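Enquirer: structure for the following, please:
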Amino acid sequence: MTKEIRLNAFLMNCVGHLAPGQWTNPEDTSSDYLNAQYWVDLAKLLERGLFDTLFLGDVTGVYDVDGGSAVSALTSAAQTPMNDPFPLIPLMAHATRHLGFGVTASVAYDPPYLLARRFTTLDHLTKGRVAWNVVTSYLESGARSLGQESLLDHDERYDRADEYLDLCYRFWESSWDEAAVLRDAQAGTYADAARIHTVNHDGRYFRSHGIFQCEPSPQRTPLIFQAGGSQRGGQFAARHAECVFVGAPTREGVRRSVAQLESQLQAAGRGRDDVRIFAMFTVIVEETSALARQQHQAYLARADLAGARTLLSGWTGIDLSRYNLDDELVYVDTNAGQSALASFSKLDPSRTWTLRDALEFVALGGRGPVVVGDANEVADELQAWVNDTGLDGFNLAYIEMPRTFRNIVDYLVPELQRRGAYKRQYADGVLRQKLLSTGPYRSTVSL
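Expert: Residues are numbered from 1 along each chain as shown. Sure thing, here's the model as predicted:
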């Protein structure tokens, strides 16, 4: 039986996401990210292509590891400037009916109560189409900007995140009973106070005593995404995540990431069917194979390797400007994100990467592979990755806006549908039901 492939669009509220330099293309519209219509048009396009979600990444802070300053990030627009992704969601939700919205939010800075309220509000406004990509933050510049001396140690950030989510679950799942909201206009009773409960929490990192002020939203708990590729991040994902985002440049690296997660899910008492796993990918698809390869060469010529080095330095916490381009990348533990360096070193021992190799790779699509061809060639490749690695789908980054996604919708989606590998209509229900084929509420919550 042909496996159905899931697609998410992967963006940030910025000029340059994972293709530094491409904003200089006269045909690229990514500099219009400040315009509300830019996002509304994108959401409509993705819904026409039956994408599951528009996945919005985010970082707090600027990339200032490369060369010890933010100059390269600022000049190359390497995820700087960056705006808050949350206000985009109601705009796009109002213009669509089914498209989901995965939004990244860090547990490092906002108190759990405020972030829980924000997600409940979004879940109401989207009628149950919001997902939370949980991150613990990896930029020291963000910690300093928020008044902290430095980030917590890598693994402790996940210890803190465990407690953060446990508290959020209590706000969402246990403060208001299912029948608490009456809306009885005749009796003048909006809610039954006896069915609304105080949350009392005294933990290692957080304290909270009070009633959650939001009535339950369609999903209560937003669908939980997680993208931590370290050992500790994987343990966190195995406990909390319903969708997991992996990134590796080779098929063997993705296969190992999926296998590691499956083992961690089993250790956490969960099954493989409890999650959907997506890999970071970039697709260059055109009407013909020759046109796609011509476009790929044009993108390579425009790629900004300094911007790529800025990104990779920020992801790894290592100032890569101090190394020669022909130096081999070797894994070391850092207090930044550990999965980026692992993806170019220990995840696939059969492949060695020089710094030059990695920068040329990162310059088009970040840590995910780039697939180039006509619709038939690209569909073949995506299906091969799914079959060989155990993936459920792909988080697709863009190189040129809106061409990347327009061509996916116009060329690739119909080919996948022809093969029986892609849906022809959205499933009913909230986002959790569309992606997991379960009920609207999270089934595995630690209260």
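Enquirer: below-threshold pLDDT in the stretch 251-400 of the chain: ranges please.
Expert: Judged against pLDDT under 70, the low-scoring parts of the stretch 251-400 of the chain cover residues 331-348.
Enquirer: all helices for the stretch 301-447 of the chain, in order.
Expert: In the stretch 301-447 of the chain, the helices defined using DSSP state H, counting those that start in this stretch lie at 305-316, 339-343, 355-362, 375-389, 403-407, 413-418, 431-436.
Enquirer: repeat that for the stretch 1-150 of the chain.
Expert: All helices of the stretch 1-150 of the chain, identified by DSSP H, counting those that start in this stretch, fall at 36-48, 71-76, 88-94, 112-125, 140-145.
Enquirer: from the chain's centroid, how far away is the longest one?
Expert: Averaging C-alpha coordinates over helix 112-125 and over its chain gives two centres that are 18 Å apart (C-alpha atoms, centre = their mean, to the nearest Å).
Enquirer: ok, residues contacting that helix?
Expert: 86, 89-90, 93, 101, 103, 105, 107, 110, 129-130, 132, 164, 167-168, 171-172, 206, 208, 210, 212-214, 216-220, 222 (C-beta atoms under 8 Å, 6 or more residues apart in numbering). The way it works is simple: take the backbone N, C-alpha and C, and place the C-beta from them, glycine included.
Enquirer: before we move on, what about the second one?
Expert: Counting contacts by C-beta under 8 Å, 6+ apart, the residues outside helix 71-76 that touch it are 16, 20-21, 62-64, 66, 78-80, 304, 306-307, 309-310, 314.
Enquirer: try it again at 10 Å.
Expert: Contacts made with helix 71-76 from outside it, assessed by C-beta atoms under 10 Å, 6 or more residues apart in numbering, are listed as 15-16, 20-21, 23-24, 62-67, 78-82, 141, 304-311, 313-314, 321.
Enquirer: cool, the last one as well?
Expert: Outside helix 140-145, the residues within contact range by C-beta under 10 Å, 6+ apart are 59-65, 70, 73, 106, 108-109, 137, 139, 148-152, 314, 317, 335-336.
Enquirer: switch to 8 Å and redo it
Expert: Applying C-beta under 8 Å, 6+ apart, the set of residues contacting helix 140-145 is 59-64, 70, 106, 108-109, 137, 149-151, 317, 336.
Enquirer: quick check: of the residues you listed, which has the highest neighbour count?
Expert: Comparing the contacts of helix 140-145 by number of neighbours (other C-beta atoms under 10 Å), Tyr63 comes first, having 26 neighbours.
Enquirer: need the pLDDT of that residue.
Expert: Here the pLDDT value assigned to Tyr63 is 93.
Enquirer: also the one 5 residues further on?
Expert: Among the per-residue scores, Gly68 holds a pLDDT of 95.
Enquirer: for the residue nearest to it when sequence neighbours are not counted, what are its contacts?
Expert: Taking C-beta to C-beta, 6 or more residues apart in numbering as the measure, Gly68 lies nearest to Asp319, with 6.3 Å between them; neighbours along the chain are not counted. Contacts of Asp319 were listed using C-beta under 8 Å, 6+ apart, and they are 65-68, 313.
Enquirer: distance check, Asp319 against Gly439.
Expert: Asp319 sits 48 Å away from Gly439 when distances are taken as C-beta to C-beta, to the nearest Å.
Enquirer: do Trp132 as well
Expert: Look at Trp132 and Gly439: by C-beta to C-beta, they are 18 Å apart.
Enquirer: same check, this time on Phe236
Expert: With C-beta to C-beta as the criterion, Phe236 and Gly439 are 24 Å apart.
Enquirer: could you do Ala105 as well?
Expert: When C-beta to C-beta is the yardstick, Ala105 and Gly439 sit 24 Å from each other.
Enquirer: Ser230 now?
Expert: With distances taken as C-beta to C-beta, Ser230 is found 31 Å from Gly439.
Enquirer: so for these two, which residue has more residues nearby?
Expert: Neighbour comparison, Ser230 and Gly439: the larger count goes to Ser230, with 16 against 12 (by other C-beta under 10 Å).
Enquirer: check what pLDDT that one gets.
Expert: Ser230 carries a pLDDT value of 83.
Enquirer: in the stretch 201-350 of the chain, which spans are strands?
Expert: Counting by DSSP state E, counting those that start in this stretch, one finds strands in the stretch 201-350 of the chain at the ranges 207-211, 223-226, 243-246, 276-285.
Enquirer: looking at those strands, which is nearest to Val254?
Expert: Judged by C-beta to C-beta, the one of those that comes nearest to Val254 is strand 276-285, at 5.2 Å.
Enquirer: tell me which other helices or strands the longest helix anywhere in the chain touches.
Expert: When the chain is parsed with DSSP state H, its longest helix is helix 154-174. Using 3 or more C-beta pairs under 8 Å, 6 or more residues apart in numbering; DSSP states H and E as the contact definition, the elements that helix 154-174 packs against are helix 112-125, strand 198-202, helix 231-240.
Enquirer: would a markdown table of the ones you listed with distance to Ala268 and mean neighbour count be doable?
Expert: Conversion of the helices and strands packed on helix 154-174 to a markdown table gives the following (distance: least, C-beta to C-beta, whole Å; neighbours: other C-beta atoms under 10 Å):
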| stretch | distance to Ala268 | mean neighbour count |
| --- | --- | --- |
| helix 112-125 | 22 | 20 |
| strand 198-202 | 22 | 12 |
| helix 231-240 | 4 | 22 |
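Enquirer: still on that earlier bit, tell me the buried residues within the contacts of Asp319.
Expert: Among those, those that count as buried by neighbour count (16 or more other C-beta atoms under 10 Å) are 65-67, 313.
Enquirer: closest to Val371 out of those residues?
Expert: For Val371, the nearest member of the buried ones among the contacts of Asp319 is Ser313. The distance, counting by C-beta to C-beta, is 26.3 Å.
Enquirer: isn't the closest one right next to Leu320, touching?
Expert: Yes. Contact status for Ser313 versus Leu320: in contact at 4.7 Å, counting by C-beta atoms under 8 Å.
Enquirer: which residues do the two both contact?
Expert: Contacts common to Ser313 and Leu320, judged by C-beta under 8 Å, 6+ apart, are Asp66.
Enquirer: you'd agree Leu151 is in a strand?
Expert: No. Leu151 is assigned coil when assessed by DSSP: H, G, I helix; E, B strand; the rest coil, not a strand.
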